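1. 3D, please:
(one chain, ligands or ions: 1)
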Amino acid sequence: MKKLIIEGKHKLTGTIKIGGAKNSVVALIPAAMLTNGKSTIYNVPDISDVHLLIEIIKTLGAKVTFENEIITIDNSKGINKEIPENYATKLRASYYFMGVLLSKYKQSEISYPGGCSIGSRPIDLHVTGFEKLGAQVEINDNKYFIKAKQLIGNDIFLDFASVGATLNIMFSAVKAKGITHIYNAAKEPEIVNVASFLSTMGAKIYGAGTSEITIEGVDELGDGIVEVIPDRIEAGTYLIIGTLLGKNLIIDGIIKEHLGSVLTKLKEIGCDFKIEGTKVVINKVKKLKPVNVKTLVYPGFPTDLGQPMSTLLTQCEGESLFEETIYENRMRHIKHLNAMGAKIKLFDRSALINGQTKLRGRTVVATDLRAGAAMLVAGMIADGITTVTNIEHILRGYEKIVEKLSSVGANIKIIDTN
Ligand code: UD1
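-> From the prediction side, this is the model:
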């Protein structure tokens, strides 16, 4: 069991470099298994989800190297196998093997995927998509058996613009016979990143990044190459921290268009930042204004930044409203914030936050990945020492978080209690 120990209130100066996007790379690694060729993925973050996915693709016969932020995958001896349950249930992105193996071998077998407990997280849209392309899906004891004689392109309308379902349908359709249209597709930048990768392999995908994606099936896919886009959620988390503690803090390696809704909200609360190309220079300001934040699908305010943002709202003077619209269960961190001194009233998926409140260090729990980020931000601005437990969640998604924050002046360390 690992814990984070944070001494609060240290000013942060220097540069934090943003790594590759977790939610891109966790789809790119499975996507590399679509080809029998070789793939190279640049700018790979060193997070535990990446290591787990590497273990999974090794069980599927891939030869993998991971050095200097570059993964190479040689899939010339790839085989189809059930994804071991102990891997599948450890991360959400294991569900991408459903679409990938179905596409390649016309059959996949895998347990219900794991990931953060932030809601019921059904995968019915993925299943409907597979079925629309001609697959049969059997669910037995939490295990999915998906197979097809042939996959045939179709028109698929998603009830919700789901990131996972859009990508899984894309994977299943790249080698299907004929043309697939995905309507109400997710528009997240990670979708564009994955589509670009598949295009380098020879896939024919049009409209990624819009709500209508067209995929023309091809017979074969070749070698692939891609650079993982910067992690907009990691960048957003450090922007939030910079708003509270920055002294000419530089967040380096962002794509500002990917952070539009976040930068707009930070501007509204009065945050002092300047964008210089791919860098943001950020300074703490004395007085922050309250604001309403509602999470939405991209390009709206990302649900993955809602929790850390709620910690920032405790430092705004007045009443802020934070509404989570994507998941049912993303408010478990609120009781820990209140225990640290915040004044937050919870109404189901909305939180009324009264600030500015002093936060006091104490022991709190990272109930999920982004709740962990919210607790980390709280600990960094609290009086005294904060201990965050269950930080395995945080390490799944934030690369070298202790090293990055320590290098700009934070007093933070991990202790292993095993
Ligand atoms: C991905 C991200 C996650 C992020 C989320 C929304 C990965 C590995 N995870 O998750 O960090 O929070 O996008 O930006 O990339 N839904 C259904 N049925 C389905 C699929 C989804 O009802 O078949 C619902 C979900 O319960 C949720 C919403 O749609 O309420 C969004 O889910 P989705 O976009 O699919 O999120 P994930 O791909 O799981």
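2. Beyond the one helix or strand residue 213 maps to, next helix or strand please.
-> For residue 213, the element it lies in under DSSP states H and E is strand 212-216. Proceeding N to C from strand 212-216, the next assigned helix or strand is strand 224-227, under DSSP H and E.
3. How far does whatever helix or strand comes next after that following strand sit from its chain's centre?
-> As assigned by DSSP H and E, the chain's next helix or strand after strand 224-227 is helix 232-245. Relative to its parent chain, helix 232-245 has a centroid offset of 15 Å by Cα atoms, centre = their mean, to the nearest Å.
4. Write out the residues of the stretch 301-418 of the chain neighbouring the ligand.
-> Counting by Cβ under 6 Å from any ligand atom, the stretch 301-418 of the chain comes close to the ligand at 303, 304, 326, 327. C-beta coordinates here come from the backbone N, C-alpha and C atoms, glycine included.
5. Now secondary structure, pLDDT and neighbour count too, for the residues you listed, in TSV please.
-> Shown next, in TSV, are those (DSSP: H, G, I helix; E, B strand; the rest coil; pLDDT from 0 to 100; neighbours: other Cβ atoms under 10 Å):
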residue	secondary structure	pLDDT	neighbour count
303	helix	97	20
304	helix	96	25
326	coil	95	18
327	coil	93	19
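6. And those residues, which is closest to residue 320?
-> residue 303 (16.9 Å; Cβ to Cβ).
7. Need the three-state assignment for residue 396.
-> Under the three-state scheme (DSSP: H, G, I helix; E, B strand; the rest coil), residue 396 adopts helix.
8. dump the residue contacts of it.
-> By Cβ atoms under 8 Å, 6 or more residues apart in numbering, the residues touching residue 396 are 22, 47, 48, 49, 91, 369.
9. How about residue 190?
-> Contact partners of residue 190, counting by Cβ under 8 Å, 6+ apart, are 21, 23, 24, 27, 163, 229.
10. now the contacts of residue 396 as JSON lines including secondary structure?
-> What follows is the contacts of residue 396, written out as JSON lines (three-state DSSP):
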{"residue": "22", "secondary structure": "helix"}
{"residue": "47", "secondary structure": "coil"}
{"residue": "48", "secondary structure": "helix"}
{"residue": "49", "secondary structure": "helix"}
{"residue": "91", "secondary structure": "coil"}
{"residue": "369", "secondary structure": "helix"}
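11. PyMOL command for the buried members of those?
-> Only the buried members of those enter the following PyMOL selection, criterion being 16 or more other Cβ atoms under 10 Å:
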select buried, resi 22+47+48+49+91+369
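12. residue contacts, residue 234?
-> 18, 19, 21, 22, 45, 397, 398, 399.
13. Equivalent analysis for residue 118, please.
-> 327, 328, 329, 330, 368, 370.
14. give me phi/psi at it?
-> Backbone torsions for residue 118, taken as degrees, to the nearest 10, come to phi -120, psi 10.
15. Tell me the residues of the protein that contact the ligand?
-> Counting by Cβ under 6 Å from any ligand atom, the chain sits next to the ligand at 23, 26, 92-93, 119, 121-126, 160, 162-165, 186, 303-304, 326-327.
16. just the helices in the stretch 1-150 of the chain please.
-> For the stretch 1-150 of the chain, the helices defined by DSSP state H, counting those that start in this stretch occupy 22-31, 48-59, 85-88, 96-105, 124-132.
17. Figure out how far the fourth one is from the centre of its chain.
-> Averaging C-alpha positions (Cα atoms, centre = their mean) puts helix 96-105 21 Å from its chain's average.
18. Likewise for the third one?
-> The chain centre lies 19 Å from the centre of helix 85-88; the measure is Cα atoms, centre = their mean.
19. Looking at the contacts of residue 118, spot the one nearest the ligand.
-> residue 327 (5.3 Å; Cβ to the nearest ligand atom).
20. quick one, domains of the protein?
-> As given by automatic domain parsing, the domain ranges for the chain are 2-19+230-416, 22-227.
21. Correct me if wrong, but residue 344 is in a strand.
-> Yes: counting by three-state DSSP, residue 344 is found in a strand.
22. now the helices for the stretch 201-350 of the chain?
-> 232-245, 260-269, 303-313, 334-339.
23. For residue 289, find the nearest of these.
-> Minimum separation from residue 289 across the helices of the stretch 201-350 of the chain (Cβ to Cβ) falls at helix 260-269, 5.1 Å.
24. Give the other helices and strands that that closest one contacts.
-> helix 232-245, strand 272-276, helix 303-313 (3 or more Cβ pairs under 8 Å, 6 or more residues apart in numbering; DSSP states H and E).
25. want to throw those into CSV with distance to residue 178?
-> Compiled in CSV, the helices and strands packed on helix 260-269 are given as follows (distance: least, Cβ to Cβ, whole Å):
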stretch, distance to residue 178
helix 232-245, 34
strand 272-276, 44
helix 303-313, 34
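26. Quick one, which of those gets closest to residue 348.
-> helix 303-313 (14.1 Å).
27. which residues touch residue 386?
-> Taking Cβ under 8 Å, 6+ apart as the test, what residue 386 contacts is 4, 5, 6, 8, 340, 361, 362, 363, 364, 375, 378, 379.
28. Could I get the average pLDDT for the one helix or strand it maps to?
-> Secondary structure from DSSP H and E places residue 386 in strand 385-389. Mean pLDDT, computed over strand 385-389, is 97.
29. Any idea how far that strand is from the middle of the chain?
-> With Cα atoms, centre = their mean, you get 24 Å for strand 385-389.
30. Please apply the same query to stretch 12-32.
-> That offset, for stretch 12-32, works out to 9 Å (Cα atoms, centre = their mean).
31. mean confidence for it?
-> On average, stretch 12-32 scores 98.
32. Give the buried residues for it.
-> So stretch 12-32, judged by 16+ other Cβ under 10 Å, has buried residues 12, 16-32.
33. what's the span of it, first residue to last?
-> With Cα to Cα, to the nearest Å as the measure, the first residue of stretch 12-32 is 39 Å from its last.
34. let's number from 139 now, not from 1
-> Got it, the first residue is 139 from now on, which makes the last one we talked about stretch 150-170.
35. Am I right that residue 496 is in a strand?
-> No: counting by three-state DSSP, residue 496 falls outside a strand, being coil.
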